[in-house]
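Student: okay, here's the prediction I keep looking at, along with the sequence it came from:
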Amino acid sequence: MATTEDRLSREASATVQKGARVLTPPARTRPTTPAEQEADTVQVWPHLVVIEFLGALIFTINLVLISTLFNGPLKELANPDRTPNPSKAPWYFLNLQELLLHMNPALAGVIVPTIALGLIAIIPYVDRTSRGLGVWFYSARGPKIMIFTTVYTIVVTAILISLDKFFPLKANFSAWLSPTGIGRATSTGFLSFLTQAVGGSTEKGQTEALGTLIEVIVGYTIPVICFLFFPVLLVILLKLIFKGIDLSEIIISLFTGFVVLYAVLTFVGTFMRGTGMDLYPPWAVPPESTGG
C-alpha cells in the first residue's frame, strides 16, 4: 500500500517530466593554489620587456641599414612661389583628402572621422557577447562575409568616385539651380525656383542663395545620404545572403568595410590623382608640375 510520501514523490516526478525546470547545483571545482596561479602568469619583467626590447632593437637595425643603403626620396626645399601640383597630404591623410574632393571640408575632415572613430569605440558596448573575442573569423562563414563586404565596398566606392568624375554634382546642381543671368547661366535651370525662393528677387540675394543651396545639397545632404544608405544596404544584403547572421558578424562586416574603404581612398589619392587633383588611371597619371 503506497504511503503519502510515495504519492508526493510520484507527483513531483510527473511535474518534472512535464517540462518543469530543475535547478542543479554547479559542480564543485578545486581552488587553484598560489603556485598554479604563478605558473599561469606571464611576468612583465623579464618576459615582456625582453621581447619588446628585442623587437625595438631589430626594428632600429633594419631602419639604419635601409637608410644607409638607400637614399630617401626627398625633394628640393619648399618654394612658396612654385608650389607642387598636385599638392598632396602625407599618405595616411590622403583618404581624408580624397573625401575633401567630394563633400564639405568640415564634414570630410572633422565630422565623418569623429563619428567613425566614435562608432568603433562603442563596439564593445554594443556587442556584449563573449563568443569569438579577439578572433576575426570565429565562424565558418566569416571569410565569406569578409570577401563579400570587401567586394561590395570596392565596387560601391569605385562607382561613387567615377560618378563624381563623369557626372560632377557641383557643376550640374549649379546649372539646375541657376536662374538666367546668374554666373554663367544662359538659361533657367529646372530647380531655379528654389534659388529664387531663398534669395528673393535681387541678383545678389540669388547669388548668395545659389552658393548656399549647392553647399547644403552637394556638400552635406548627398554625402550624408550615401553614408547612411550604403551601410544599411550592406546589412540588408548580409541578412538576405547569410541566413541567421548574428550581431557580432554584422559588426565584423561593417568594420571590414571601414578598413577596405580606408585602403581604397588611400590608393585612389596616392596613385590616381594627378595635376589639379584630377582622376587618372594609375598607369597614366601625369608627372607632377610646379606652379609659378
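Tutor: Now that the structure is in, tell me what you want to look at.
Student: name the spans of the stretch 151-292 of the chain whose pLDDT lies under the cut-off.
Tutor: Applying pLDDT under 70 to the stretch 151-292 of the chain flags the ranges 180-188, 291-292.
Student: got any ranges where the stretch 1-150 of the chain has weak pLDDT?
Tutor: Ranges of the stretch 1-150 of the chain meeting pLDDT under 70: 1-31, 35-40, 132-134, 136.
Student: which residues in it form helices?
Tutor: Secondary structure of the stretch 1-150 of the chain (DSSP state H, counting those that start in this stretch): helices located at 4-17, 34-39, 49-69, 94-100, 105-106, 112-121, 123-126, 142-166.
Student: list the buried ones in the longest one?
Tutor: This means helix 142-166. Using 16 or more other CB atoms under 10 Å as the test for burial, helix 142-166 gives 142, 145-146, 148-150, 152-154, 156-157, 161, 164. Placement of C-beta: from N, CA and C, glycine included.
Student: nearest to residue 212 among the residues you listed?
Tutor: Looking at the buried residues of helix 142-166 and their distance to residue 212, the nearest is residue 164, at 20.7 Å (CB to CB).
Student: ok, and the closest non-adjacent residue to the closest one?
Tutor: Nearest residue to residue 164, sequence neighbours excluded (CB to CB, 6 or more residues apart in numbering): residue 102, at 5.5 Å.
Student: the one you found contacts residue 112, doesn't it?
Tutor: No - contact between residue 102 and residue 112 fails when scored by CB atoms under 8 Å: they sit 10.9 Å apart.
Student: among these two, which residue is more densely surrounded?
Tutor: The residue with more neighbours, out of residue 102 and residue 112, is residue 102; 21 against 18, by other CB atoms under 10 Å.
Student: list the residues that contact that one.
Tutor: For residue 102, the contacting residues are 108, 160, 161, 164, 223, by CB atoms under 8 Å, 6 or more residues apart in numbering.
Student: roughly how far does the fourth one sit from residue 279?
Tutor: Using CB to CB, to the nearest Å, residue 164 is found at 9 Å from residue 279.
Student: mind splitting the protein into its structural domains?
Tutor: Annotated domains of the chain cover 44-71, 88-280 [automatic domain parsing].
Student: I'd like those domains as a markdown table, with distance to residue 78 appended.
Tutor: Shown next, in a markdown table, are those (distance: least, CB to CB, whole Å):
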| stretch | distance to residue 78 |
| --- | --- |
| domain 44-71 | 19 |
| domain 88-280 | 13 |
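Student: please identify the most buried of the ones you listed.
Tutor: When the domains of the chain are scored by mean count of other CB atoms under 10 Å, the highest mean neighbour count falls to domain 88-280 (a mean of 15).
Student: and it, how far out from the chain's middle?
Tutor: In terms of CA atoms, centre = their mean, to the nearest Å, the centre of domain 88-280 is found 10 Å from the chain centre.
Student: do the same with stretch 62-81
Tutor: From the chain centre to the centre of stretch 62-81 is a distance of 32 Å (CA atoms, centre = their mean).
Student: end to end on it, go ahead and measure it.
Tutor: End-to-end distance for stretch 62-81: 38 Å, by CA to CA, to the nearest Å.
Student: what sits against residue 258?
Tutor: Contacts were defined as CB under 8 Å, 6+ apart; by that measure residue 258 touches 116, 120.
Student: on the three-state scheme, it is what?
Tutor: Secondary structure for residue 258, judged by DSSP: H, G, I helix; E, B strand; the rest coil, is helix.
Student: residue 243: which element?
Tutor: Using DSSP states H and E, residue 243 falls within no helix or strand.
Student: from residue 227, how far out is the residue nearest the centre of the chain?
Tutor: Nearest to the mean C-alpha position of the chain, by CA atoms, centre = their mean, lies residue 258 at 2.5 Å. Using CB to CB, residue 258 is found at 11 Å from residue 227.
Student: rebuild the helices of the stretch 1-150 of the chain as a markdown table, extending it with distance to residue 208.
Tutor: Shown next, in a markdown table, are these (distance: least, CB to CB, whole Å):
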| stretch | distance to residue 208 |
| --- | --- |
| helix 4-17 | 80 |
| helix 34-39 | 72 |
| helix 49-69 | 54 |
| helix 94-100 | 23 |
| helix 105-106 | 19 |
| helix 112-121 | 27 |
| helix 123-126 | 43 |
| helix 142-166 | 25 |
